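I need the structure of the sequence given here:
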Amino acid sequence: MQLVEVMVAAAIFSAASGSSLQLWSTAAGSSHQLEHRQQLVERMELDRLQLQAHWRRALVSEPDCSISRERWMAAADAVPVPPQLQRELVISDQMDALQVRWRAEADPTLQRERLFTAAGMGLCQAEAPLTDSQVEEVQP
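Residues are numbered from 1 along each chain as shown. Got it, this is the predicted structure:
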């Protein structure tokens, strides 16, 4: 082999190795970002579950199945926000509903929303079902 052929082969090999290393680095970076994003989503879900569990323990609805806005907010403030997340509580336009929004501090495109109601969380006091004799009294 002549020196020119060796130099050309070395240049081609170097370019191919560099390109391969760059592609591998990009794939590893993407994989790391995806894993970090998945961890943030799991943190949001864990915070949602903790909020729901705390609300079920701390809140009891009125006989008309309503919970005051102040009680919703106070109960939510008792659960700390996980690191790297922002939690926003918004009183919904719907009657007795609270909308919770989670955002990742590092990734503003990553956000979740959930609407909570007393009835949806099973906090309403259920009335006893009607018996057959009561149903007959109601119907003419």
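
ignoring the adjacent residues along the chain, who's closest to Ala119?
Leaving aside its sequence neighbours, Ala119 sits nearest to Cys65 (C-beta to C-beta, 6 or more residues apart in numbering; 5.7 Å). Quick note: C-beta positions are derived from backbone N, CA and C, even for glycine.

need the contact list for that neighbour.
Asp96, Ala118, Ala119, Leu123, Cys124, Gln125 (C-beta atoms under 8 Å, 6 or more residues apart in numbering).

apply 7 Å and report the result again.
Ala118, Ala119, Cys124 (C-beta atoms under 7 Å, 6 or more residues apart in numbering).

what is the burial count for Ile91?
Neighbours of Ile91 under the rule other C-beta atoms under 10 Å: 12.

thinking again about what came up before, if I look at the residue nearest to Ala119, how far off is Trp72?
Counting by C-beta to C-beta, to the nearest Å, the gap from Cys65 to Trp72 is 14 Å.

can you check Ser25 too?
47 Å.

these two: which has the busier surroundings?
Looking at Ser25 and Trp72 with other C-beta under 10 Å, you find the greater number of neighbours at Trp72, namely 20 against 10.

look up which helix or strand the residue nearest to Ala119 falls in, please.
Under the criterion of DSSP states H and E, Cys65 resides outside all helices and strands.

circling back to that earlier point, lowest-confidence entry in the contacts of Cys65?
Ranked by pLDDT, these bottom out at Cys124, which has 77.

could you find the closest non-adjacent residue to that one?
Take Cys124 and drop its neighbours on the chain: the residue closest to it by C-beta to C-beta, 6+ apart is Cys65, 3.9 Å away.

same thing with His54?
For His54, ignoring the flanking residues on the chain, the nearest one in space by C-beta to C-beta, 6+ apart is Val79 at 5.1 Å.

wait, what's in contact with the residue most central in space within the chain?
By C-alpha atoms, centre = their mean, the chain has its centre lying nearest to Met44, at 3.6 Å. Shown in contact with Met44 (C-beta under 7 Å, 6+ apart): Leu85, Trp102, Arg112.
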